[in-house]
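Novice: predicted coordinates and the sequence they were generated for:
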Amino acid sequence: MASVGGGEEGDSLLTVDESSTGAAATGSRENHARDVHLLCVAFLLIFLAYSAAQNLESSVNSENDLGTTSMGILYLSLTLFSLVASPIVKKIGSKNALLLGTTGYLIFIASNLIPKWYTMFPASVYLGFSASIIWVGQGTYLTSAARSHANDSHLHEGTVIGHFNGEFWAMFASTQVVGNLLSFILLKNKTEDEHVSRTTLLFMVFLGSMALGTILMCFLHKRDTKKEEVSDDSRCHFSCSGIANSIVAPLLNQRMLLLIPLLAYSGLQQAFIWDEFTKYIVTPALGISGVGGAMALFGACDAICSLVSGRLTSSLISITVIISLGSFFQICVLFWMLFKYSLVAGASRTLYPLLMAALWGIGDGVYNTQINALLGMLFKHDMEAAFAQLKVWQSASTAIVFFLSSYISFHAMLTLIAAAMCVALGGLTVLTFKVEKAFIGT
């Protein structure tokens, strides 16, 4: 009897234990998904303001090229600070990096309320620092959440990383839609005096949106799974040799060397749509107010493509195929602008820039989603360094576009971007079929 009673009690305890374990696992999975949703909404609120402001810089702050020069300084600063972002994020943790990173965006938007060189240039330098922190933190945080979710749910890691990146970059691309529609509505068909007052109102709305996004980030769970290790090695990370190692070590990795052209091209194509495309294609055809509408369409196509391509991601070979398809749309636009496009009258004057923006958005959605998923898959043991390299090369190439735009012709810029795309696809192809055969089979 005792043994039977003991057996029943043991079965009961086992059942309770299994139930508790199952409930804990379910709760853990829900936390991972909740954090990703919260991260997406926070970035939407912050970057709907920044993305729209960035698109307007070359137009609303055109005197003495203040806007374009500020953007060039910003991305040069981002390049330099990204070199040391990895040890900083390891030290403070990915959640704190996200919170610290928002401060630069708030200051930059505030500087546009008094657009002078002594307000915008320092704000651009500081935003370069904070942007390097927030983006390394974002890549690390999102990949960590995806891995934890895959482990708790017994799902394929690459698939979950693709899904989470698809959701994030779809929401991020939506910032172009919301932010640019706001700028389109507030700036459409205004006199010069009205335009100044409406621009001030627009930037005040942007500040409020950013503040709300920052508050939401406070509710994220911390994901510093290697806290003790980071703490023990903090002196190493912040010594000169430690920082130098964080810069040089990724460049000795064959995978990273083959990916650098792709990382650089992703920055080139983004800077092109923000600066060159809006200046030479959209504004002559649709006016300054048309920039918001065209970039909203760009963002909508970007968001849809990010979501779809994220769902299709599962392995390195799938990433290569998807990136190749996205590149096809962008090369069609490049050839169109190089050889066929001219400013025409009638409905085509409006239709052509919008169609180009939509096709470019498809390519941008592919690059954002797939590159981040690719880094998350290939560099499991040092995600911070991998995402820091992404920002180094992305921001360096972006700065090049902003600085070169005043010195080379539009057609020369198109040729440069087309050549960079070919080199990027070549490096990715070699990575896929020569270096990562073992990875493809997993």
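Specialist: Okay, I see it. All of these numbers come straight from a predicted model, not from anything done at the bench.

Novice: which parts of stretch 349-359 are buried?
Specialist: 352-354, 356-359 (16 or more other C-beta atoms under 10 Å). For glycine as for every other residue, the C-beta is placed from the backbone atoms N, C-alpha and C.

Novice: measure residue 262 to residue 154 for me?
Specialist: Using C-beta to C-beta, to the nearest Å, residue 262 is found at 32 Å from residue 154.

Novice: ah, wrong one, I meant residue 109
Specialist: As judged by C-beta to C-beta, residue 109 and residue 154 stand 43 Å apart.

Novice: tell me the contacts of the spatially most central residue of the chain?
Specialist: In the chain, the residue lying closest to the centroid (C-alpha atoms, centre = their mean) is residue 368, at 6.1 Å. For residue 368, the contact set (C-beta atoms under 8 Å, 6 or more residues apart in numbering) comprises 169, 172-173, 266, 302, 306.

Novice: lowest-confidence entry in those?
Specialist: Taking the contacts of residue 368 together, the minimum pLDDT is found at residue 173 (86).

Novice: give me the neighbour count for that residue.
Specialist: When neighbours are defined as other C-beta atoms under 10 Å, residue 173 has 27 of them.

Novice: would you confirm that it contacts residue 367?
Specialist: No. Taking contacts as C-beta atoms under 8 Å, residue 173 lies outside contact range of residue 367: 11.1 Å.

Novice: picking up where we left off before, okay, residue 109 and residue 154: which has more neighbours?
Specialist: residue 109 (23 against 7).

Novice: output stretch 418-427 as CSV, nothing but the C-alphas.
Specialist: This file holds the C-alpha atoms of stretch 418-427, laid out as CSV (Å, rounded to 0.1, in the frame of the first residue of the first chain):
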residue,chain,number,x,y,z
ALA,A,418,26.1,49.1,-60.4
ALA,A,419,29.8,48.1,-60.3
ALA,A,420,29.5,47.7,-56.5
MET,A,421,26.5,45.5,-56.8
CYS,A,422,28.4,43.1,-59.2
VAL,A,423,31.3,42.8,-56.8
ALA,A,424,28.9,42.2,-53.8
LEU,A,425,27.1,39.4,-55.6
GLY,A,426,30.4,37.9,-56.6
GLY,A,427,31.6,37.7,-53.0
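
Novice: rewinding a little: please flag which of the buried residues of stretch 349-359 sit within helices.
Specialist: The helices, defined by DSSP state H, take in 352-354, 356-359 from the buried residues of stretch 349-359.

Novice: pLDDT averaged over stretch 223-232 - what is it?
Specialist: Mean predicted confidence for stretch 223-232 is 49.

Novice: next one: stretch 89-106
Specialist: 94.

Novice: show me where the protein has strands.
Specialist: For the chain, no strands are identified by DSSP state E.

Novice: now tell me which helix or strand of it has the poorest mean pLDDT.
Specialist: The weakest-scoring helix or strand in the chain, judged by mean pLDDT, DSSP states H and E, is helix 227-232 (a mean of 42).

Novice: before we move on, back to that, pLDDT and distance to residue 183 added to the buried residues of stretch 349-359, as TSV?
Specialist: Converted to TSV, those look like this (pLDDT from 0 to 100; distance: C-beta to C-beta, whole Å):
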residue	pLDDT	distance to residue 183
352	92	21
353	92	16
354	93	16
356	95	19
357	94	15
358	95	18
359	96	22
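
Novice: quick one: residues in contact with stretch 276-289.
Specialist: Stretch 276-289 has contacts (C-beta under 8 Å, 6+ apart) with 55-56, 58-60, 184, 187-190, 290-291, 293-295, 337, 341, 343, 349-350, 352-353, 356-357, 360, 401, 405, 410, 413.

Novice: from these, list the buried ones, please.
Specialist: For these, a burial check counting by 16+ other C-beta under 10 Å picks out 55-56, 58-60, 184, 187, 290-291, 293-295, 337, 352-353, 356-357, 360, 401, 405, 413.

Novice: in the stretch 1-150 of the chain, where is pLDDT below threshold?
Specialist: Applying pLDDT under 70 to the stretch 1-150 of the chain flags residues 1-30, 58-59.

Novice: hang on, I meant the stretch 151-300 of the chain
Specialist: For the stretch 151-300 of the chain (pLDDT under 70), the answer is 189-195, 224-247, 289.

Novice: can you pull out the helices in it?
Specialist: Taking DSSP state H, counting those that start in this stretch as the test, the helices found in the stretch 151-300 of the chain are 157-187, 192-217, 227-232, 234-238, 240-248, 254-271, 283-286, 289-312.

Novice: okay, now residue 182: neighbour count?
Specialist: Using other C-beta under 10 Å, residue 182 has 19 neighbouring residues.

Novice: next up, the contacts around it.
Specialist: By C-beta under 8 Å, 6+ apart, residue 182 lies in contact with 48, 52, 202, 205, 292.

Novice: repeat that for 7 Å
Specialist: By C-beta atoms under 7 Å, 6 or more residues apart in numbering, residue 182 lies in contact with 52, 202, 205.
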